[in-house]
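Enquirer: Kindly return the folded structure for what I paste below:
(one chain, ligands or ions: 2)
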Amino acid sequence: MSSVSARGLEAGYGASRVIFGVDFEAPPRQITVIVGPNGGGKSTLLKAVFGLCTVHSGSITCGGREVAGMPPHRIAREGVAYLPQTDNVFSALTVRENLVMAGYALSKAERAERMPGALGAFPELQRYESGRASVLSGGQRQMLAMSMALLRRPAVMLFDEPTAGLSPKLAGQVLDNITSVRDRFGITVVLVEQNARRALGIADRAFLIAGGRRVFDGPPDGLLSNPDLGRMYLGLT
Ligand SMILES: Nc1ncnc2c1ncn2[C@@H]1O[C@H](COP(=O)(O)OP(=O)(O)OP(=O)(O)O)[C@@H](O)[C@H]1O
Ligand SMILES: [Mg+2]
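Expert: Ligands and ions are numbered 1, 2, ... in the order given. Now for the predicted structure:
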């Protein structure tokens with residue numbers, strides 16, 4: 001069971017602090033959506049979990065194991081996948097080559113066994129198998145990035161604004177894909193999203209961060225129905 005949790009987390013970049021004493025909990029096999037204003041610390045919280053920024057104090061656990069202070073490749077080995085908003089695929093490589101790269105740590109047999117499933121997860125991608133990733137649309141790129149992550153059979157997936165820049169239709173597809181990742185593989189999902197209302201629609205749990213501090217943590221309905229929080233932090237009316 002892979003929950004992600006942080007206790008008393010203080011984190012930032014070098015000497016600068018961005019996250020102040022945050023307690024965070026993403027229950028296993030659920031989708032936890034992190035929302036909040038620009039610069040509030042959403043990406044930094046995600047990066048802290050994956051070892052990509054400085055943790056000044058506090059604890060971070062994935063599946064019960066302390067990961068604070070570990071480098072990203074060790075955290076990846078703990079079963080955590082991190083999908084950044086951009087630069088998440090190798091543009092010059094084909095779709096198939098991207099998947100081969102993603103599976104470099106697997107044995108040849110494992111790769112051969114998992115490849116069809118990784119490609120088949122998104123039928124739309126299959127058509128582009130031998131085409132370069134540079135010709136994929138934003139949504140297709142997200143699908144490829146997700147397939148690459150799934151090849152490693154992660155227990156936890158961290159998404160940073162996977163729908164940014166996509167049309168409402170494609171954004172909806174990406175969120176559907178994330179829901180199916182939870183349902184089909186029982187993956188624990190932490191999802192940072194700009195569009196609060198849409199993302200909270202698929203959330204099991206909501207977390208609002210502003211000014212590097214936790215403002216709300218609880219059921220998505222509780223956040224959507226709170227007029228003050230919605231208006232002050234999320235532009236909801
Ligand atoms: N690499 C970095 N070095 C120094 N400061 C940074 C770095 N990245 C972000 N920050 C600062 O940390 C604060 C929080 O940024 P963060 O990227 O976590 O916000 P965010 O909630 O993800 O915002 P957005 O919605 O715009 O993506 C900001 O004040 C930002 O300037
Ligand atoms: Mg961000």
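
Enquirer: What residues does the protein have near ligand 1?
Expert: 13, 16, 18, 36, 38-44, 194 (C-beta under 6 Å from any ligand atom). Heads up, the C-betas are built off the backbone N, CA and C, glycines and all.

Enquirer: Now for those: which two are most distant?
Expert: 16 and 194 (23.2 Å; C-beta to C-beta).

Enquirer: give the contact list for residue 31.
Expert: By C-beta atoms under 8 Å, 6 or more residues apart in numbering, residue 31 lies in contact with 178-179, 182, 189, 191, 202-205.

Enquirer: what do you get if the cut-off is 6 Å, keeping everything else the same?
Expert: Residue 31 makes contact with 182, 189, 202-204, according to C-beta atoms under 6 Å, 6 or more residues apart in numbering.

Enquirer: Identify the bridge partners of it.
Expert: residue 189 (DSSP bridges).

Enquirer: and the gap between it and ligand 1?
Expert: 18 Å (C-beta to the nearest ligand atom, to the nearest Å).

Enquirer: Also residue 86?
Expert: Between residue 86 and ligand 1 the computed distance is 11 Å (C-beta to the nearest ligand atom).

Enquirer: What of residue 104?
Expert: In terms of C-beta to the nearest ligand atom, residue 104 sits 27 Å off from ligand 1.

Enquirer: per-residue confidence at that residue?
Expert: In the predicted model, residue 104 carries a pLDDT score of 85.

Enquirer: on that earlier part again, more neighbours: residue 16 and residue 194, which one.
Expert: Legend: neighbour count by other C-beta atoms under 10 Å for residue 16 and residue 194, higher for residue 194 (17 against 9).

Enquirer: Now that one: closest residue in space that isn't a chain neighbour?
Expert: residue 161 (5.8 Å; C-beta to C-beta, 6 or more residues apart in numbering).

Enquirer: Pull the contacting residues for the one you found.
Expert: 85, 192, 194.

Enquirer: Next step: those residues restricted to strands.
Expert: Under the assignment DSSP state E, these contribute residue 192 to strands.

Enquirer: Can you mark which positions in stretch 98-107 are buried?
Expert: By 16 or more other C-beta atoms under 10 Å, the buried positions in stretch 98-107 come out as 98-100, 102-103, 106.

Enquirer: now, among those residues, which is nearest to residue 154?
Expert: Nearest member of those to residue 154, counting by C-beta to C-beta, is residue 102, at 11.1 Å.

Enquirer: I figured that closest one hits residue 148, correct?
Expert: Yes - judged on C-beta atoms under 6 Å, residue 102 makes contact with residue 148 at a distance of 3.5 Å.

Enquirer: what residues does this structure put near ligand 2?
Expert: 42-43 (C-beta under 5 Å from the ion).

Enquirer: Work out the gap between stretch 42-62 and the centre of the chain.
Expert: Centroid separation for stretch 42-62 versus its chain: 13 Å, with C-alpha atoms, centre = their mean, to the nearest Å.
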